[in-house]
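>>> sequence first, predicted model second:
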Amino acid sequence: MKIDILLGLQWGDEGKGKIVDALTPDYDIVARFQGGPNAGHTIEFHKTKHVLHLIPSGIFHEGKINIIGNGVVLDPVVFRREVESLGIDIETVRRRLLISLKAHLILPTHKLLDAAHENALGDFKIGSTLRGIGPAYTDKAARSGIRVGDLLRKNFREFYNEHVSEHLRILRGYGRSYDLQDLENEWFDATEFLKHFKTVNADYYIDRSLREGRCVLAEGAQGTMLDIDFGTYPFVTSSNTVAAGACTGLGIAPSRTGEVFGIFKAYCTRVGSGPFPTELNDENGQLMRDRGNEYGSTTGRPRRCGWLDLPALKYAIMINGVTRLFMMKADVLSGFSEIEVCTSYTINGEEITELPYCLTDIEKLNYKTMAGWNCDITGYKSWDEMPVALRHYIEFIEKETGVPVTIVSVGPDRSATIYRQ
């Protein structure tokens, strides 16, 4: 068996949670391979909305195993709150959820460092969610992180204090001092809660599962354009959000990977700072924001909105080796009489279709205008029901990218999904 990978192709918020939830019946295991509580995967069913930050999006399905992989950075406080808010009996969650011993922990001081660093940037803010993600990954790369498996140490408190003393030294350099007692009390209570969940060597567990013929879906967080190596650096996240990140984030050999499902919105959004070529600072952008409820599920911040950027989408498809495309929020574009699609850029007077090293070098965006679909599609169940204009839009994307669009989302509920053979 091979492990399939599902990830975002834009700047995150593409709708990965809904699709993982929809695909989970076809899999035995769903495994998150990177990111942390900066992720916000939204699932809606039975008129109830659930937002997951750390727990894989297959958690609501009976008989399915969910794994928090080694590539995830885990905040015990957020984890506890999330488990308790699921609406599922905690013993049931414990049966369905496994946590990698090698996943790194977010400490209280990581969040303080995150805020101090972002504040020090002044007008050049990255747009951090201030959840401690960056500092936790920094410690991981510097070989000074604390992992889930370290909670089993007899001298854990001493081990923890050694790490925190270094963080406090750095914070003093920012001219800040803190009383950590309340933060640490909550954090240590949460680690005791965390210890009641089963921890595993996820790499061995997944390998055995594949050898036994079990189907595994790797779930990514954020999106390709936020990848630490291939995104719009430095306005990126601190992990590898691309398909290769599933290998390092779960301990999977590249030869064991199968299909790569790429999720994208029918338009584009971005939260926080950084270049966004097709951004609309007009009534169309606000209309997308309002219709799509484009506000961060983790931070609540309004998302920047714009037309679909084909050069960026094709770049993400290339980097990830996408085999199937899933288009989300097609319903949000209902009512636009015309829809624009960016097909190329102009730099130094030359038209290009490749993503440039620096997006701020783009002088002009070149658009193709297409007819919109002025009707409500949220109740549609099949490809044949779709308005002709929407089908033409999808077929144009397929022709340009060379990859089939096999799922189209027409509403937030898990049932508002059209599957195309």
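On my side now, so go ahead.

>>> below-threshold pLDDT in the stretch 51-200 of the chain: ranges please.
122-125, 127 (pLDDT under 70).

>>> what do you get if the cut-off is 90, keeping everything else the same?
Scanning the stretch 51-200 of the chain for pLDDT under 90 picks out 51, 114-131, 172-179.

>>> helices along that one, start to end?
Along the stretch 51-200 of the chain, the stretches classed as helices by DSSP state H, counting those that start in this stretch are 76-84, 90-96, 108-120, 133-141, 156-173, 181-194.

>>> tabulate the CA atom coordinates of the fourth one in PDB.
Listed in PDB are the C-alpha atoms of helix 133-141, where the atom choice follows Å, rounded to 0.1, in the frame of the first residue of the first chain:
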ATOM      1  CA  ILE A 133       4.900  27.900  16.100                       C
ATOM      2  CA  GLY A 134       8.000  29.600  14.800                       C
ATOM      3  CA  PRO A 135      10.000  29.500  18.100                       C
ATOM      4  CA  ALA A 136       9.100  25.800  18.600                       C
ATOM      5  CA  TYR A 137      10.400  25.000  15.100                       C
ATOM      6  CA  THR A 138      13.400  27.200  15.700                       C
ATOM      7  CA  ASP A 139      14.300  25.100  18.800                       C
ATOM      8  CA  LYS A 140      13.700  21.900  16.800                       C
ATOM      9  CA  ALA A 141      16.200  23.000  14.100                       C
END
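
>>> ok, residues contacting it?
35-38, 73, 104-107, 109-111, 113-114, 117, 128, 145-146, 163, 167, 237-239 (CB atoms under 8 Å, 6 or more residues apart in numbering). To be clear about C-beta, it is placed using only N, CA and C from the backbone, and glycine gets the same treatment.

>>> and with 7 Å instead?
Helix 133-141 has contacts (CB atoms under 7 Å, 6 or more residues apart in numbering) with 36, 38, 73, 104, 106, 110, 113-114, 128, 145, 237-239.

>>> in it, what's buried?
133-140 (16 or more other CB atoms under 10 Å).

>>> same check, this time on the longest one
When burial is assessed from 16+ other CB under 10 Å, helix 156-173 yields the following buried residues: 160, 163-164, 167-168, 171.

>>> can you check the first one too?
With burial defined by 16+ other CB under 10 Å, the residues of helix 76-84 counted as buried are 76-80, 82-83.

>>> strands of the stretch 301-421 of the chain, start to end?
Secondary structure of the stretch 301-421 of the chain (DSSP state E, counting those that start in this stretch): strands located at 304-306, 308-309, 324-328, 338-347, 350-352, 364-371, 405-409, 417-419.

>>> what does the closest residue to Gly372 other than its chain neighbours show for phi and psi?
Among residues not flanking Gly372 along the chain, Phe336 sits closest, at 4.0 Å (CB to CB, 6 or more residues apart in numbering). With angles defined as degrees, to the nearest 10, Phe336 sits at phi -80, psi 120.

>>> re the thing from before, dump the strands of the stretch 301-421 of the chain to a markdown table, plus mean neighbour count.
As requested, those are exported to a markdown table (neighbours: other CB atoms under 10 Å):
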| stretch | mean neighbour count |
| --- | --- |
| strand 304-306 | 23 |
| strand 308-309 | 26 |
| strand 324-328 | 23 |
| strand 338-347 | 18 |
| strand 350-352 | 11 |
| strand 364-371 | 14 |
| strand 405-409 | 21 |
| strand 417-419 | 17 |
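
>>> to Leu6, which of the ones you listed lies closest?
strand 324-328 (8.3 Å; CB to CB).

>>> which strands or helices does the closest one pack on?
With contacts taken as 3 or more CB pairs under 7 Å, 6 or more residues apart in numbering; DSSP states H and E, strand 324-328 sits against strand 257-265, strand 405-409.

>>> returning to that earlier point: in TSV, list the strands of the stretch 301-421 of the chain along with distance to Ala221 and mean pLDDT.
Output for the strands of the stretch 301-421 of the chain, formatted as TSV (distance: least, CB to CB, whole Å; pLDDT from 0 to 100):
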stretch	distance to Ala221	mean pLDDT
strand 304-306	19	97
strand 308-309	21	98
strand 324-328	15	98
strand 338-347	25	98
strand 350-352	30	97
strand 364-371	28	98
strand 405-409	18	97
strand 417-419	21	94
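
>>> could I get those strands as JSON lines with distance to Asp4?
Below are those laid out as JSON lines (distance: least, CB to CB, whole Å):
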{"stretch": "strand 304-306", "distance to Asp4": "30"}
{"stretch": "strand 308-309", "distance to Asp4": "25"}
{"stretch": "strand 324-328", "distance to Asp4": "10"}
{"stretch": "strand 338-347", "distance to Asp4": "28"}
{"stretch": "strand 350-352", "distance to Asp4": "33"}
{"stretch": "strand 364-371", "distance to Asp4": "31"}
{"stretch": "strand 405-409", "distance to Asp4": "13"}
{"stretch": "strand 417-419", "distance to Asp4": "16"}
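
>>> measure the closest residue to Lys381 other than its chain neighbours to Asp331 for me?
Spatially, and ignoring its direct neighbours in sequence, Lys381 is nearest to Ile418 (6.7 Å; CB to CB, 6+ apart). Distance, Ile418 to Asp331, by CB to CB, to the nearest Å: 11 Å.

>>> between these two, what contacts are shared?
Val410.

>>> wait, Phe193 sits on Arg80?
Yes. If you go by CB atoms under 7 Å, Phe193 and Arg80 touch, sitting 4.7 Å apart.

>>> common neighbours of these two, please.
With CB under 7 Å, 6+ apart, Phe193 and Arg80 have no common neighbours.

>>> before we move on, the earlier item: would you reformat the helices and strands packed on strand 324-328 as CSV and include distance to Arg94?
Shown next, in CSV, are the helices and strands packed on strand 324-328 (distance: least, CB to CB, whole Å):
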stretch, distance to Arg94
strand 257-265, 29
strand 405-409, 31
